[in-house]
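Peer 1: no sequence for this one, just the structure:
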């Protein structure tokens, strides 16, 4: 994984823990404050910066997607759209559990809405991963399962193992177990893919729900 860095063109950011250094308690609060104040790529964002992440030090499940869409940018709530509804159905948890940062961490590859492109949203900005991703991951010592949603997350975490594209990577999901599960984006734009690949719903989703329940169950047992 690439180490966080910052070029001379970026706005200077508040201090945050170095990559690999655990951020807990007040340190994590300070890190999140710095992330949410980030304006490193403001000049490239047509709707302005609004970094959207969800992180709690006790989280057991990590969801890594691509970037917030327009609706999520407006609400400030991760996966607050039709894609989020489908994702919650896939993993079998309700909104309160999904939006509990002490259970579920949500870190997209790009934290801000990148705007519209010729077909769909623009790709996530790279600055977020360079500046913040490793630092946020260092604050999550108890992650039992990571869901990699879409090509950007899969390429970053799986490298050459994701070179065949999302469909091939998802089909090979067993090779990334038990720590990670690659998934297609749950966007309505991908309904045709879901219909062409019935094994996804019949085989992968029951396994996904089982692994999510298992990951979250340990945290529930440890809670007072």
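Peer 2: Cool, got the structure. Given the structure is predicted, the values throughout are model-derived calculations rather than measurements.
Peer 1: Excluding residues flanking it in the chain, which one is nearest residue 162?
Peer 2: residue 154 (4.0 Å; C-beta to C-beta, 6 or more residues apart in numbering). Any C-beta I mention is one placed from the backbone N, CA and C, and that applies to glycine too.
Peer 1: now the one you found: how far from residue 103?
Peer 2: Distance of residue 154 to residue 103, given as C-beta to C-beta, to the nearest Å: 23 Å.
Peer 1: more neighbours, the two?
Peer 2: residue 154 (26 against 21; other C-beta atoms under 10 Å).
Peer 1: Go ahead and confirm residue 211 touches residue 145.
Peer 2: Yes - between residue 211 and residue 145 there is a contact under C-beta atoms under 8 Å: 5.6 Å.
Peer 1: Quickly list what's touching both of the two.
Peer 2: 178, 181 (C-beta atoms under 8 Å, 6 or more residues apart in numbering).
Peer 1: hey, where'd the strands end up in the chain?
Peer 2: 61-64, 104-106, 145-149, 180-183 (DSSP state E).
Peer 1: TSV for those strands, including mean pLDDT?
Peer 2: Formatted as TSV, the strands of the chain follow (pLDDT from 0 to 100):
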stretch	mean pLDDT
strand 61-64	98
strand 104-106	98
strand 145-149	98
strand 180-183	98
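Peer 1: want to try CSV for the ones you listed, with mean neighbour count and distance to residue 27 as columns?
Peer 2: CSV is the format used below for the strands of the chain (neighbours: other C-beta atoms under 10 Å; distance: least, C-beta to C-beta, whole Å):
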stretch, mean neighbour count, distance to residue 27
strand 61-64, 23, 19
strand 104-106, 25, 16
strand 145-149, 23, 22
strand 180-183, 22, 26
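Peer 1: Just put these in CSV and tack on distance to residue 165.
Peer 2: Formatted as CSV, the strands of the chain follow (distance: least, C-beta to C-beta, whole Å):
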stretch, distance to residue 165
strand 61-64, 17
strand 104-106, 24
strand 145-149, 13
strand 180-183, 11
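Peer 1: nearest to residue 78, of these?
Peer 2: Taking C-beta to C-beta, strand 104-106 is the member of the strands of the chain nearest to residue 78, at 4.3 Å.
Peer 1: How far away from the center of its chain is that closest one?
Peer 2: 7 Å (C-alpha atoms, centre = their mean, to the nearest Å).
Peer 1: got the angle for the longest helix anywhere in the chain vs strand 145-149?
Peer 2: Using DSSP state H, we find that the single longest helix of the chain is helix 205-222. Relative orientation of helix 205-222 versus strand 145-149 (axes from the mean of the first three to the mean of the last three C-alpha atoms, to 10 degrees): 140 degrees.
Peer 1: contacts for helix 205-222?
Peer 2: 58-61, 90-93, 97, 102-103, 142, 144-145, 147, 177-178, 181, 183.
Peer 1: now with 7 Å?
Peer 2: If you take C-beta atoms under 7 Å, 6 or more residues apart in numbering as the criterion, helix 205-222 is touched by 58, 60-61, 90-93, 103, 144-145, 181.
Peer 1: For the closest residue to residue 80 other than its chain neighbours, grab the count of nearby residues.
Peer 2: Closest residue to residue 80 apart from its sequence neighbours, by C-beta to C-beta, 6+ apart: residue 72 at 5.2 Å. Neighbour count of residue 72, defined by other C-beta under 10 Å: 21.
Peer 1: Same check on residue 202?
Peer 2: 9.
Peer 1: how close does it get to residue 79?
Peer 2: Residue 202 is 24 Å from residue 79, by C-beta to C-beta.
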